[in-house]
Structures are given as C-alpha cells and as structure tokens.
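**Q** next comes the sequence, and after it the predicted model I'd like to discuss.
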Amino acid sequence: MATAVCLQLAACVPNFLIQEHFDAFNESWTQELVTWHPAIDRKNGHLSLPEAPGLGIDLNIDVARAHPYDPQAYLNIFEEGWEKRLGTRPG
C-alpha cells in the first residue's frame, strides 16, 4: 500500500526523480494484501502507475485480518541486510 501512495505522489510532483521500493523483500502474503502491484519497465526502470480511481488499489480485508499488527516486530535499519526484513527485536 505504501508503494501505491508514494507512486501517486511521485506522479504529481513535476521535479520528482527517484522512487525506491523494497517490495521484492516483503513476505509472500503481502502480494495478496492489495489488488494492484507496480511493474518495472526494464528499458527505463520506471514503475507503472495504477489506472483505477483513488490510490488505484483495493485492500483485501481477509488477508489483513489474517496478519494482524505485531508490536514485537522490529527492523533495525542500521544493521546490514535490513532491507531483507530479517531483523528481530534486541533483548
């Protein structure tokens, strides 16, 4: 969902340059969480934009309910490999 929001903003900002995303490192169930995912144009590296109204995606409530927020989840962005989302809470 965050990628869709960022892409909508990027499409509206005339001097926008680069949109990073780490969707490839998300857990596999996140692919089912929303109905649209950006495609990468291999010729120019651009991400596609949704064509539906609003953010261009719909949330799958059943998938969201199956994976509730985990307050113990922790991602230390100062550790090597953080983008792979393998972090655990210290202690």
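**A** Perfect, thanks for sending it.

**Q** so A64 sits against L33, correct?
**A** Yes: at 6.4 Å, A64 counts as touching L33 under the criterion of Cβ atoms under 8 Å. Placement of C-beta: from N, CA and C, glycine included.

**Q** quick one, which of those two is more surrounded?
**A** The neighbour comparison of A64 against L33 (other Cβ atoms under 10 Å) goes to L33, with 19 against 14.

**Q** let me know whether that one touches V63 as I believe.
**A** Yes: using Cβ under 8 Å, L33 is in contact with V63, at 4.9 Å.

**Q** please save the CA atoms from the lowest-mean-pLDDT helix or strand in the chain in CSV.
**A** The helix or strand of the chain with the poorest confidence is helix 2-12; it has a mean of 91 (mean pLDDT, DSSP states H and E). Provided in CSV are the C-alpha atoms of helix 2-12 (Å, rounded to 0.1, in the frame of the first residue of the first chain):
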residue,chain,number,x,y,z
ALA,A,2,2.8,2.4,0.8
THR,A,3,4.3,2.0,-2.6
ALA,A,4,1.0,2.9,-4.3
VAL,A,5,0.8,6.0,-2.1
CYS,A,6,4.4,7.0,-2.9
LEU,A,7,3.8,6.5,-6.7
GLN,A,8,0.7,8.7,-6.7
LEU,A,9,2.7,11.5,-5.0
ALA,A,10,5.6,11.0,-7.4
ALA,A,11,3.3,11.2,-10.4
CYS,A,12,2.0,14.6,-9.2
